[in-house]
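Novice: Compute the structure for the input listed below.
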Amino acid sequence: MSSSSSNANPNLAPAAEPVVWRTTFEVNGRPVTIEDTVMDNEDIAVAVARDMILPRDELILAARTDIEAVNQSLALSIRAMSSLVNVAERLHARRLELNT
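Specialist: Down below sits the predicted model:
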C-alpha cells in the first residue's frame, strides 16, 4: 500500500464542484452549471442566449437589414417557445403516466 493511500481517509469525500453545462457560457466570471436556471436569472438567460449565436451567425446577421434581423429574431423566439411547449407537454404526459 502506498503512503498516500494509507494516509487517505475514505470517509472524507472531496468537495464536489457543480457540473459545468457548457464551458463557454459564463456569468460574472464563472461557468453556467446545471444548478443554474435561465427561468429565474436574467443574467444567465442573457449569457446563454448570447452564446447561442455562433461566429457564422454573426456574419449572416450583419448582412441583414434591421427589419430582417427583427423578423428572424421573432422567428427564433417562436421556435424556442415551441420547443419549450413541446418539453412541457412531454413532462406533463410523463407525469400523467406515472400517476396512473
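
Novice: Identify the residue spatially nearest to Ala45, adjacent ones excluded.
Specialist: Val38 (4.1 Å; Cβ to Cβ, 6 or more residues apart in numbering). Where you see a C-beta, it was placed from the backbone N, CA and C, and this is true even at glycine.

Novice: The one you found: neighbour count?
Specialist: 15 (other Cβ atoms under 10 Å).

Novice: now Glu26
Specialist: 14.

Novice: For it, give me its contacts.
Specialist: 32, 47 (Cβ atoms under 8 Å, 6 or more residues apart in numbering).

Novice: Show me what it bridges to in the sheet.
Specialist: Pro31 (DSSP bridges).

Novice: what about it, distance to Thr33?
Specialist: 11 Å (Cβ to Cβ, to the nearest Å).

Novice: Which of the helices or strands spans Ala16?
Specialist: Element membership for Ala16 (DSSP states H and E) is empty, with no helix or strand holding it.

Novice: Report the separation between it and Glu35.
Specialist: 11 Å.

Novice: Check Glu68 too.
Specialist: In terms of Cβ to Cβ, Glu68 sits 38 Å off from Glu35.

Novice: same check, this time on Ile78
Specialist: According to Cβ to Cβ, Ile78 stands 29 Å off from Glu35.

Novice: and what of Arg79?
Specialist: Using Cβ to Cβ, which is the criterion applied here, Arg79 is 26 Å from Glu35.
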